[in-house]
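Chemist: Sharing a model prediction with you, sequence too.
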Amino acid sequence: GDSVTQMEGPVTLSEEAFLTINCTYTATGYPSLFWYVQYPGEGLQLLLKATKADDKGSNKGFEATYRKETTSFHLEKGSVQVSDSAVYFCALSENSGNTPLVFGKGTRLSVIA
Amino acid sequence: DAGVIQSPRHEVTEMGQEVTLRCKPISGHDYLFWYRQTMMRGLELLIYFNNNVPIDDSGMPEDRFSAKMPNASFSTLKIQPSEPRDSAVYFCASSPQGPRYGYTFGSGTRLTVV
């Protein structure tokens, strides 16, 4: 079945460092890909998404590019802030039907000043 | 748009008691999902509805769990009787037209069973 694999955390970075969180997927067909963010004590929020190969999703300085050839959707940000500390989830939705999102296990990011 | 509204935010109950969690999805969203999140098991899908009809409840852990969606604006997740291992954060999410469009999550209900 479809699956999402994320790099294990926690990831600890200093403020203004470059961030990459790796995400690879296994799916039949052409899934839509998502990154969600969960701040402490809150629900998951959609951060960005991409619906087809080579699409780039972006929001709040975060970017991810849908790479079909490597089945990847890595999350990047050029300069992280303390306020980016959260858990990040990669997810996919297979496009052949309306089955629920498949989530990765999440990667905890801590940014220190 | 008030988003997905869950109540209560926190619930502490004694083992054996009945617990009811509530969710109001975003108006016009056709899909509603119930998830459970724990440190050990991460995010688990319990059940989801399309147009108020349960589509897949294979994630419901036991017969002690039940979920209903009597109308498009309200859903409940009930645990009877509750057990300490049910302690978790329970999230409701809704989606317009289908998961490929993404979800909007509520803020969750933190359940503690003592």
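Modeler: Yep, that arrived. Residues are numbered from 1 along each chain as shown, chains lettered A, B, ... in the order given.
Chemist: What residues are bridge-paired with the residue nearest to the spatial centre of chain B?
Modeler: What sits nearest the mean C-alpha location of chain B, by Cα atoms, centre = their mean, is B:W34, with 3.3 Å. Following DSSP bridges, B:W34 is listed with bridge partners B:I47, B:C92.
Chemist: And it, how far from chain A?
Modeler: For B:W34, the distance to chain A (Cβ to the nearest Cβ, to the nearest Å) stands at 11 Å. From N, CA and C alone the C-beta is placed, and that goes for glycine too.
Chemist: Now do the same contact list for that residue.
Modeler: By Cβ atoms under 8 Å, 6 or more residues apart in numbering or on different chains, the contact list for B:W34 reads B:C23, B:L45, B:L46, B:I47, B:Y48, B:A67, B:S75, B:L77, B:Y90, B:F91, B:C92.
Chemist: can you pull the contacts of the fourth one?
Modeler: Contacts for B:I47 were tallied using Cβ under 8 Å, 6+ apart; they are B:F33, B:W34, B:P54, B:D56, B:D57, B:G59, B:M60, B:A67, B:L77.
Chemist: one more time with 7 Å
Modeler: B:W34, B:P54, B:D56, B:D57, B:G59, B:M60, B:A67 (Cβ atoms under 7 Å, 6 or more residues apart in numbering or on different chains).
Chemist: Touching, A:A113 and A:V82? I think so.
Modeler: Yes. Counting by Cβ atoms under 7 Å, A:A113 does reach A:V82; the two are 5.5 Å apart.
Chemist: if we can go back for a sec, what's the ChimeraX syntax to select whichever of the contacts of B:I47 are buried?
Modeler: In ChimeraX, selecting the buried portion of these, with burial taken from 16 or more other Cβ atoms under 10 Å in any protein chain shown, looks like this:
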select /B:34,59,60,67
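Chemist: now, which of the contacts of B:I47 sits nearest chain A?
Modeler: Set against chain A, the nearest of the contacts of B:I47 by Cβ to the nearest Cβ is B:D56 (7.6 Å).
Chemist: I'd say the closest one and B:L46 touch.
Modeler: No. Using Cβ under 7 Å, B:D56 is not in contact with B:L46; the gap is 9.6 Å.
Chemist: quick one: A:S32 from A:T24, how far?
Modeler: Between A:S32 and A:T24 the computed distance is 16 Å (Cβ to Cβ, to the nearest Å).
Chemist: higher neighbour count, the two?
Modeler: A:S32 (22 against 17; other Cβ atoms under 10 Å in any protein chain shown).
Chemist: what is that one paired to in the beta sheet?
Modeler: Under the criterion used (DSSP bridges), A:S32 bridges to A:S93.
Chemist: again, but for A:E76
Modeler: Listed by DSSP bridges, the beta-bridge partners for A:E76 are A:T20, A:E63.
Chemist: and chain B, which of its residues are near chain A?
Modeler: Residues of chain B lying close to chain A by Cβ under 7 Å from any Cβ of the partner chain are B:33, B:42-43, B:45, B:48, B:91, B:98-100, B:102-103, B:105-108.
Chemist: how about the strands of the chain, start to end?
Modeler: Just going to use chain A. A:3-6, A:11-14, A:19-21, A:23-26, A:32-38, A:44-50, A:56-59, A:62-65, A:75-77, A:86-93, A:102-103, A:107-112 (DSSP state E).
Chemist: Please refer instead to chain B.
Modeler: Using DSSP E, the strands of chain B run over B:5-7, B:10-13, B:19-24, B:31-38, B:42-50, B:53-56, B:65-71, B:74-79, B:88-95, B:104-105, B:109-113.
Chemist: Noted, bye for now.
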